[in-house]
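Engineer: I'll drop the sequence and a predicted model, then ask my questions.
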Amino acid sequence: MNSKLKVIYLWCWEQSKDDYTKAAALIVSIVLIAMHITWWKLIKRNSRKEKASLPPGPWGLPLIGYLPFLDPELHRCFAQLSLKYGPIVKVYLGSKLCIIFSSPDVAKEVLKEQDVNFADRDIPAAAFVSAYGAVDIAFAPYGEHWRMMRKVCVRELLSYGRLEALYGLRRREVRDMVQSVYTKIGSPIDIGEYAFLAMFNVITSMMWGNTLDGEERRRVTSKFREGKERRMKEVVKYFDQIFDFVINERRKMETQEEDEALKSKDKENKDFLQVLLQLIDQGDQKTPIAITHLKALFVNMTVGGTKTTSTTVEWAMTELLKQPDIMQKAREELDQVVGLNNVVEENHLSKLPYLDAVVKEVLRLHPVGPLLIPRRARESCNVGGYLIPKGAVIFVNTWTIQRDSKYWTDPLEFRPERFLYSNVTWDYNGNDVRYLPFGSGRRICVGIPIAEKVAPYLLASLLHSFDWKLPEGTKLDLSDQFGFELKKKIPLFAVPTPRLVDSTLYNQTR
Ligand code: HEM
């Protein structure tokens, strides 16, 4: 016991004349000791905070930092650094201080315990331009505007009721994909490209319904694909023209008398564009949406939702072609639940646990956002005993975490069973920080409800409708390439042959 406290205690004891006062003296002393311990702990914690140092990391050159040594495959390069320096690494990229987090424990601190402090994004110049000055969801700073945009999106586009009501649109696009694969029977097709077109059409029809049809629709799709390859400024110009065109078409439709039906559609059946234009027209103060915000949301949906989902389907087909026994198990389940005289419907998905485990395993080994979308520290703080200064750019390397042998048995093996026979209920909500394909916390992916419907639906339809083999003389390649999404370095080409008993099932598009 501290000597001052001891003196106080003894003095109280001596002054006490009876048992009652002695007991009171004892209580006072205990309270004093407790206060003293708390105070001492606080002092210790504060002094630790002041003394915390920056995490370890590699040396860099003046002004350019580690940039000249950086491997373009950032996820692997960061994994190497964490092997050498530990789960929290500091690296200067140019003048930017970046911190890489690579273990579940530290990811938990960043994404859950101190989520608000890491809820801002680092905004690269290109993203600032494409997101109309970061007024979108993905890059807007954490705050009122971001909250409003996210709420509009979740309420108007991604609610359970809206998604159910829009099933017809998804079904049409998936069936169109199957039909167009059927026209290529026996020839190699680019699987990612087919999945991409289907997903692009799903997203755009959810956003603006049938505003564009036939030739116009094809023109917009090819413009978008053309745009992907071009420089950011040109891409943004393309996007902007497409969005203006779509908005103008819809405005024209609204003024035409025959489209009274469009206005009177019940809420669940309205597309996103219609709901947003109505919010703009009403000038609702609680949701002050402007045309620029609407366009920024369109960018998020088309850019964030299409390649991510189609790349996941492409990886899944690659892994299944590599391990035919797993492909066979997925097929057997489909044959039992759907049958060869039927087409896959979205309501079959809940009865396909093996297929679900395949998709989960794909997202574990090949997360399309291996470093999430980089965050930024809003204030200086401590993580894992290290100082993380205000403004530092934050990377959470989920690619490393999801391949760590401390948390996953045989982590490099593709084994869907690990998600089936597990005492953990794995989901995409980022609750278990060993598995973060969609991120976690406030900035977790907003598109999960669509992705978790469409990715397995596309995959199930491809597997159920066709047998697949690699083109003659080609080898399966599993190398990846870091970029906007973690894509396959070499696109997967495979040759389809029909499986269904009745060829008319391939033309069942409506
Ligand atoms: C397999 C499919 C997908 C994967 C793996 C994926 C993954 C991710 C990841 C890792 C993040 C960053 C989360 C974080 O920082 O914690 C993210 C954010 C985001 N995703 Fe997705 N995503 C997918 C599909 C979609 C779809 C379909 C949409 C829209 C329709 C979408 C829209 C967004 C948006 C808007 C954000 C930013 C959220 C915010 O900053 O508040 N994503 N996604």
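Structural biologist: Received the coordinates, thanks.

Engineer: got a list of what the residue nearest the centre of the chain touches?
Structural biologist: Most central residue of the chain, judged by C-alpha distance to the mean C-alpha position with C-alpha atoms, centre = their mean, is Phe438 at 3.2 Å. Going by C-beta atoms under 8 Å, 6 or more residues apart in numbering, Phe438 touches 369, 428-430, 444-445, 448, 451. For the C-beta atoms, the positions are set from N, CA and C on the backbone; glycine is no exception.

Engineer: again, but for Cys98
Structural biologist: For Cys98, the contacting residues are 90-92, 374, 392-395, taking C-beta under 8 Å, 6+ apart as the criterion.

Engineer: mind checking the backbone torsions on it?
Structural biologist: The phi and psi values for Cys98, taken as degrees, to the nearest 10, are phi -120, psi 140.

Engineer: Tell me, how many residues neighbour whichever residue of the stretch 101-250 of the chain sits closest to the ligand?
Structural biologist: Using C-beta to the nearest ligand atom, Ala138 is the residue of the stretch 101-250 of the chain that sits closest to the ligand, at 3.7 Å. Applying the criterion other C-beta atoms under 10 Å, we find 23 residues in the vicinity of Ala138.

Engineer: swap in the one 3 residues further on?
Structural biologist: With neighbours defined by other C-beta under 10 Å, the count for Pro141 comes to 14.

Engineer: where does it land in three-state SS?
Structural biologist: When the structure is split into helix, strand and coil by DSSP: H, G, I helix; E, B strand; the rest coil, Pro141 lands in coil.

Engineer: ok, and the closest non-adjacent residue to it?
Structural biologist: Taking C-beta to C-beta, 6 or more residues apart in numbering, and ignoring the residues beside it in sequence, Pro141 has Asp120 as its nearest neighbour in space, at 5.3 Å.

Engineer: Also Pro58?
Structural biologist: When the adjacent residues along the chain are set aside, Pro58 lies closest to Tyr66, with 5.7 Å between them (C-beta to C-beta, 6+ apart).

Engineer: correct me, but that neighbour touches Gly94?
Structural biologist: No - contact criterion C-beta atoms under 8 Å: Tyr66 and Gly94 do not qualify, at 9.1 Å.

Engineer: Which positions in the stretch 351-500 of the chain make contact with the ligand?
Structural biologist: Where the stretch 351-500 of the chain comes near the ligand, counting by C-beta under 6 Å from any ligand atom, the residues are 368-369, 372-373, 437-440, 443-447, 450-451, 455.

Engineer: and the residue nearest to Pro141, what does it touch?
Structural biologist: Applying C-beta under 8 Å, 6+ apart to Asp120 gives the contacts 141-142, 375-378.

Engineer: And Thr318, which helix or strand is it part of?
Structural biologist: Following DSSP states H and E, one finds Thr318 within helix 291-322.

Engineer: C-terminal to that helix, what's the next element?
Structural biologist: Downstream of helix 291-322, the next assigned helix or strand under DSSP H and E is helix 324-337.

Engineer: contacts for that next one?
Structural biologist: Applying C-beta under 8 Å, 6+ apart, the set of residues contacting helix 324-337 from outside is 319-321, 344, 348, 351-355, 358, 414, 416, 460, 463-464, 468.

Engineer: likewise stretch 180-199?
Structural biologist: Applying C-beta under 8 Å, 6+ apart, the contact partners of stretch 180-199 are 173-174, 176-177, 221, 305-307, 309-311, 313-314, 317, 454, 458, 462, 465-466, 471, 487-488, 491-498, 506-507.

Engineer: Would you verify that the residue nearest to the centre of the chain is located in a strand?
Structural biologist: No - the assignment for Phe438 (three-state DSSP) gives coil, which keeps it out of a strand.

Engineer: pLDDT score assigned to it?
Structural biologist: Looking at Phe438, its pLDDT reads 98.

Engineer: Glu314 now?
Structural biologist: The model's pLDDT for Glu314 equals 98.

Engineer: any idea which element the closest residue to it other than its chain neighbours lies in?
Structural biologist: Excluding the flanking residues, the one nearest Glu314 by C-beta to C-beta, 6+ apart is Gly192, at 3.8 Å. Of the helices and strands defined by DSSP H and E, Gly192 is found in helix 191-208.

Engineer: tell me the SS of the residue lying closest to His293 once chain neighbours are set aside?
Structural biologist: On the basis of C-beta to C-beta, 6+ apart, the spatially nearest residue to His293 that is not a chain neighbour turns out to be Val135, at 5.5 Å. With three-state DSSP as the basis, the three-state label of Val135 is coil.

Engineer: Now for Val135, how many residues are close by?
Structural biologist: By other C-beta under 10 Å, the residues close to Val135 number 17.

Engineer: That one contacts Ile291, doesn't it?
Structural biologist: No - using C-beta under 8 Å as the test, Val135 is too far from Ile291 to be in contact (10.9 Å).

Engineer: Give me the buried entries from the contacts of stretch 180-199.
Structural biologist: Listed as buried from the contacts of stretch 180-199 are 173-174, 177, 221, 305-307, 309-311, 313-314, 317, 454, 458, 462, 465-466, 487-488, 492, 494-496, 498, 506; burial here means 16 or more other C-beta atoms under 10 Å.

Engineer: just for the stretch 151-300 of the chain, where's the confidence low?
Structural biologist: 210-215, 219, 223-232, 256-269, 285, 287 (pLDDT under 70).

Engineer: residues in contact with whichever residue of the stretch 151-300 of the chain sits closest to the ligand?
Structural biologist: Sorted by distance to the ligand under C-beta to the nearest ligand atom, the residues of the stretch 151-300 of the chain start with Asn300, at 4.0 Å. With contacts defined as C-beta under 8 Å, 6+ apart, the neighbours of Asn300 are 131, 136-138, 153, 446.

Engineer: Same question for Tyr160.
Structural biologist: Under the criterion of C-beta under 8 Å, 6+ apart, the neighbours of Tyr160 are Pro449.

Engineer: Please name the spatially closest residue to Pro99 (chain neighbours excluded).
Structural biologist: One correction, residue 99 is Ile, not Pro. Beyond its immediate neighbours in the sequence, the residue positioned closest to Ile99 (C-beta to C-beta, 6+ apart) is Ala392, lying 5.1 Å away.

Engineer: mind checking pLDDT for the one you found?
Structural biologist: For Ala392, the model assigns a pLDDT of 98.

Engineer: Hmm, Leu93 and it touching each other?
Structural biologist: No - contact criterion C-beta under 8 Å: Ala392 and Leu93 do not qualify, at 11.2 Å.

Engineer: Sort out which residues of stretch 135-144 are buried, please.
Structural biologist: For stretch 135-144, the buried set under the neighbour-count rule, 16+ other C-beta under 10 Å, comprises 135-140, 142.

Engineer: Report the buried residues of the strand or helix carrying Gly168.
Structural biologist: Using DSSP H and E, the element containing Gly168 is helix 167-182. Along helix 167-182, these residues count as buried under the neighbour rule (16+ other C-beta under 10 Å): 169-175, 177-178, 181-182.

Engineer: what's the answer for stretch 191-203, then?
Structural biologist: 191-192, 194-203.

Engineer: same question, stretch 124-137
Structural biologist: Buried residues in stretch 124-137, counting neighbours by 16+ other C-beta under 10 Å, are found at 127, 130-132, 134-137.

Engineer: mind listing which of the contacts of helix 324-337 are in helices?
Structural biologist: When the contacts of helix 324-337 are checked against helices (DSSP state H), the matches are 319-321, 353-355, 358, 460, 463-464.
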